[in-house]
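**Q** how does the following fold in three dimensions:
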Amino acid sequence: DNILTVNGQVGSSTRIFVYRQGSADPASSTPSNKLFEFTVTVKAYENFEGSGTQADPYIIADEIGLKQLADYTNSNNTTYRKSNIYYKLVNDLDLKDYQGGSGWTPIGSYTNPFISKFDGGGHIIKNLKINAAYTDELGLFGLANKSEIRNINLLNSDIGGYGGDHPTSVGSIVGRADNSKFYNCYSNASVTGKREVGGICGYSYSSSFYYCASSGNIQGEKRIGGIVGDSNNSLITSCYYSGGNITATSLNSEVGGIVGEAYYRSAIENCYSRANLISGLNMVGGIVGHLSYSASIRKCYSISNVSGSDSVGGILGIADLRGGNLTLANCAVLNSNIQGSSNVGRLVGSQVNPSYDFNLSSNYFSGIHGGPFNGLDTGSGADSTTIRLATFWQNTLGYGDDWEIKDGRLPILKNVAGPGQDYSIPVFY
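**A** Reported below is the predicted structural model:
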């Protein structure tokens, strides 16, 4: 039946095989005597190189190794799915061979989350594609719990799907993060889902994001953010979004340049957004769409264009004073077109449920166009000369060591993953 079975050692190697049909005597003239010589490259894994310690991590050298990590994690392989082991990527990867069907299978699931440490080594992973309708927790990693993920550059990728009430928790690096930490991750990817959709992470619970950046188009119905879609008791610091569009389509959009919805003591600090357009219907903000339950925004700026219907703001769409005091301090909105129908503010669109205090202090706006401005504009104007001074950012707003600040340009973040940042000041209206 033209079937040849070859038994060989599992590994990554090349072997020469000889198959002879007919007489065993090479000199035989038997017509059925045929000699076939062919080369087979065997690419599979049984064991990772390394011991899995921090000093000697398991090595992922190619695309099959990364796929093996996904398989081992999702099948709960107890040798390789442990909380105290480390993985390190040592080469750039191209996942084009995993685009068929629903595409890449995320590393970690709701049943078997990724619980280890992963270091991308600053390498590029490109051509990741996921098209998985009726499935949640989508990304390079699906669900990460008590893990650490760092130093990944994800390029030219397309993550998402659509079907019924799914997918939720969709991000480029991770779909859902529980009690996890992320460092120096960059994504240039299109990310699409139903709700809880983010440029880096879809849904975050008690997790932290340091020095991360995103620049692809992001779209969903609600809770859509440039870095994190839905932030529950999480920290997003020294992160930025730049260059694409962030779009939410439902009535209560909760869409923002950094985070869509932030609540339960979530903190967004030292971040900026430079989106072409952030758009939705209600609760649309240049940094955060919906802020509630003791959450805060500090030392952030936006030069994103923002468009919506109700509760539209240059920094924050809606301040929801349920469950605790809110803070918005030392922030700036510059040269943006902010448009809506009602509750439109240069800084904040609206404030509701005033059971607690809203701390608004040292916030500035300059060169704003659009309106009609009938929202919560508790802030000060700054002219085009002032915002070009390093002292405005350092002394007036208190931006510190996380920022690179020079006269004549906008502040940019230090030590952030991704390409060079755009510090140019856009044309004033």
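
**Q** can you list the weak-confidence ranges in this structure?
**A** Using pLDDT under 70 as the threshold, the predicted model of the chain has low-confidence ranges 1-46, 163-164, 428-429.

**Q** remind me, longest helix of it?
**A** In the chain, assigned by DSSP state H, the helix with the most residues is helix 63-74.

**Q** can I get it as CSV, trimmed to CA atoms?
**A** Once non-C-alpha atoms are left out, helix 63-74 reads as follows in CSV (Å, rounded to 0.1, in the frame of the first residue of the first chain):
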residue,chain,number,x,y,z
GLU,A,63,8.6,26.6,16.5
ILE,A,64,8.1,22.9,17.4
GLY,A,65,9.5,23.5,20.8
LEU,A,66,7.0,26.3,21.5
LYS,A,67,4.2,24.1,20.2
GLN,A,68,5.4,21.3,22.5
LEU,A,69,5.2,23.7,25.4
ALA,A,70,1.6,24.4,24.5
ASP,A,71,0.9,20.7,24.2
TYR,A,72,2.5,19.8,27.5
THR,A,73,0.8,22.6,29.4
ASN,A,74,-2.7,22.0,28.0
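
**Q** packing partners for it?
**A** Under the contact criterion of 3 or more C-beta pairs under 8 Å, 6 or more residues apart in numbering; DSSP states H and E, helix 63-74 touches strand 58-60, strand 93-94. (Glycine included, C-beta is placed from N, CA and C.)

**Q** after the shortest one comes which helix or strand?
**A** This points to strand 93-94. Beyond strand 93-94 in the direction of the C-terminus, DSSP states H and E gives the next helix or strand as strand 117-119.

**Q** partner strands of the helix or strand following that next one and their direction?
**A** Proceeding N to C from strand 117-119, the next assigned helix or strand is strand 124-126, under DSSP H and E. Applying DSSP bridges, strand 124-126 is found paired with strand 93-94 (parallel), strand 148-160 (parallel).

**Q** what residues of the longest helix of the chain count as buried?
**A** Neighbour counts over helix 63-74 (16 or more other C-beta atoms under 10 Å) mark 63-70, 72-74 as buried.

**Q** TSV please, covering the residues you listed and showing distance to residue 357.
**A** Rendered in TSV, the data for the buried residues of helix 63-74 read as follows (distance: C-beta to C-beta, whole Å):
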residue	distance to residue 357
63	53
64	55
65	52
66	48
67	51
68	53
69	47
70	47
72	50
73	45
74	46
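
**Q** give me the contacts around the longest helix of the chain.
**A** Among residues not part of helix 63-74, those counted as contacts by C-beta atoms under 8 Å, 6 or more residues apart in numbering are 12, 43-45, 48, 59-60, 77, 79-81, 87, 89, 93-95, 97-98, 104-109, 112-114, 125.

**Q** most tightly packed of the strands paired with strand 124-126?
**A** Mean neighbours per residue, mean count of other C-beta atoms under 10 Å, is largest over the strands paired with strand 124-126 for strand 148-160, with a mean of 22.

**Q** distance between whichever helix or strand comes after it and the chain's centre?
**A** Note on strand 148-160: by DSSP H and E, the next helix or strand toward the C-terminus is strand 168-171. Relative to the mean C-alpha coordinate of its chain, strand 168-171 is positioned 10 Å out (C-alpha atoms, centre = their mean, to the nearest Å).

**Q** ok, the very next helix or strand once past strand 168-171: who's next to it in the sheet?
**A** Read in the C-terminal direction, the helix or strand following strand 168-171 is strand 174-178, with elements assigned using DSSP H and E. Applying DSSP bridges, strand 174-178 is found paired with strand 141-145 (parallel), strand 201-205 (parallel).

**Q** now the helix or strand that the longest helix of the chain is followed by: buried residues?
**A** As assigned by DSSP H and E, the chain's next helix or strand after helix 63-74 is strand 86-89. Of the residues in strand 86-89, those buried by neighbour count under the rule 16+ other C-beta under 10 Å are 86-89.

**Q** with stretch 178-198 instead?
**A** When burial is assessed from 16+ other C-beta under 10 Å, stretch 178-198 yields the following buried residues: 178-198.

**Q** filter the residues you listed down to the ones in strands?
**A** Where those overlap with strands, as defined by DSSP state E, the overlap consists of 178, 181-192, 195-198.

**Q** pull the CA atoms of stretch 382-394 into CSV?
**A** Below are the C-alpha coordinates for stretch 382-394, written out as CSV (Å, rounded to 0.1, in the frame of the first residue of the first chain):
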residue,chain,number,x,y,z
ALA,A,382,-1.4,74.9,29.1
ASP,A,383,-0.2,76.7,26.0
SER,A,384,1.9,75.3,23.2
THR,A,385,5.1,76.8,24.6
THR,A,386,4.6,75.3,28.0
ILE,A,387,4.1,71.7,27.0
ARG,A,388,7.4,71.9,25.1
LEU,A,389,9.4,72.5,28.2
ALA,A,390,11.0,69.7,30.1
THR,A,391,10.2,71.5,33.4
PHE,A,392,6.5,71.3,32.7
TRP,A,393,6.7,67.5,32.7
GLN,A,394,9.3,67.2,35.5
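
**Q** hang on, the earlier thing: in JSON lines, list the helices and strands packed on helix 63-74 along with distance to residue 420.
**A** Formatted as JSON lines, the entries for the helices and strands packed on helix 63-74 read as follows, by distance: least, C-beta to C-beta, whole Å:
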{"stretch": "strand 58-60", "distance to residue 420": "28"}
{"stretch": "strand 93-94", "distance to residue 420": "23"}
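
**Q** what's the closest of those strands to residue 130?
**A** Checking the helices and strands packed on helix 63-74 against residue 130 by C-beta to C-beta gives strand 93-94 as the closest, at 15.2 Å.
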